[in-house]
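A.B. asks: build me a model from this:
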Amino acid sequence: MFTAWIDESQSNARLDPGTYMLSAAIIEDSAVDVARAAMRTLLLPGQRKVHWRDEGRHELIVTTIAGLDVEHLVAVRCAPEAAARPERQRRLCLDRLLPELVALGVTSAILESRGRKDDQRDIDALNFIRRRRLIDGDLRIDHVGGPADPLLWIPDACCGAVTQYRCGNSTHFDQLRPTLTFIDVDG
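C.D. replies: Next up, the predicted model:
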């Protein structure tokens, strides 16, 4: 059985305008403890979580992640028009990402919490996908705070590496490329 940890990011507004992504780190349940322990080693004293945007240790973070048994699935939507609100972008990415996760055998998805109201929107999105019969399996989603689960730091870093790649720097992305699959999201 597999679990996916999911985080979001908007790309660089100047170099890659209107781009939104959801990254899923897919880990076999038997490998979760090893991956979680490895990610915890990245915490600095006094640090609550590892967050790509706040870090100067991108090489160490990506090297640690690349050494884990993790598959990455990244849903990317590019909509530079002004009407592309982040919440709509997220909904469209979830519409594509969640069925793909189920097809890969994922039974549980952990998303970084954005607050009660926004977390409920994710649950509503899953229920809407079910009503449209885009998901055959029993996928459960839960929300936790970023500091609570080090495995949420993996999709955060993956989003950071993808953003760098989309903006012309493939250094960190190249290390994740062998285990990364993109989903282009239209709509």
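
A.B. asks: all helices for this structure, in order.
C.D. replies: Across the chain, reading from the start of the chain, the helices by DSSP state H fall at 32-40, 58-66, 86-103, 116-131, 153-166, 171-176.

A.B. asks: to residue 23, which of these lies closest?
C.D. replies: Checking the helices of the chain against residue 23 by Cβ to Cβ gives helix 153-166 as the closest, at 3.8 Å. To be clear about C-beta, it is placed using only N, CA and C from the backbone, and glycine gets the same treatment.

A.B. asks: got the CA positions of that closest one in CSV?
C.D. replies: Once non-C-alpha atoms are left out, helix 153-166 reads as follows in CSV (Å, rounded to 0.1, in the frame of the first residue of the first chain):
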residue,chain,number,x,y,z
TRP,A,153,8.8,18.7,3.3
ILE,A,154,9.5,16.3,0.4
PRO,A,155,6.7,17.7,-2.0
ASP,A,156,7.6,21.2,-0.9
ALA,A,157,11.2,20.7,-2.0
CYS,A,158,10.0,19.0,-5.2
CYS,A,159,7.9,22.0,-6.0
GLY,A,160,10.9,24.2,-5.4
ALA,A,161,13.1,22.2,-7.7
VAL,A,162,10.4,22.2,-10.4
THR,A,163,10.0,25.9,-10.1
GLN,A,164,13.8,26.4,-10.6
TYR,A,165,13.7,24.0,-13.6
ARG,A,166,10.8,25.9,-15.2
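
A.B. asks: show me what that helix packs onto, helices and strands only.
C.D. replies: Counting by 3 or more Cβ pairs under 8 Å, 6 or more residues apart in numbering; DSSP states H and E, the packing neighbours recorded for helix 153-166 are strand 2-10, strand 19-28, helix 32-40, helix 58-66, strand 71-78, helix 171-176.

A.B. asks: so for stretch 104-115, mean pLDDT?
C.D. replies: Taken as a whole, stretch 104-115 has a mean pLDDT of 96.
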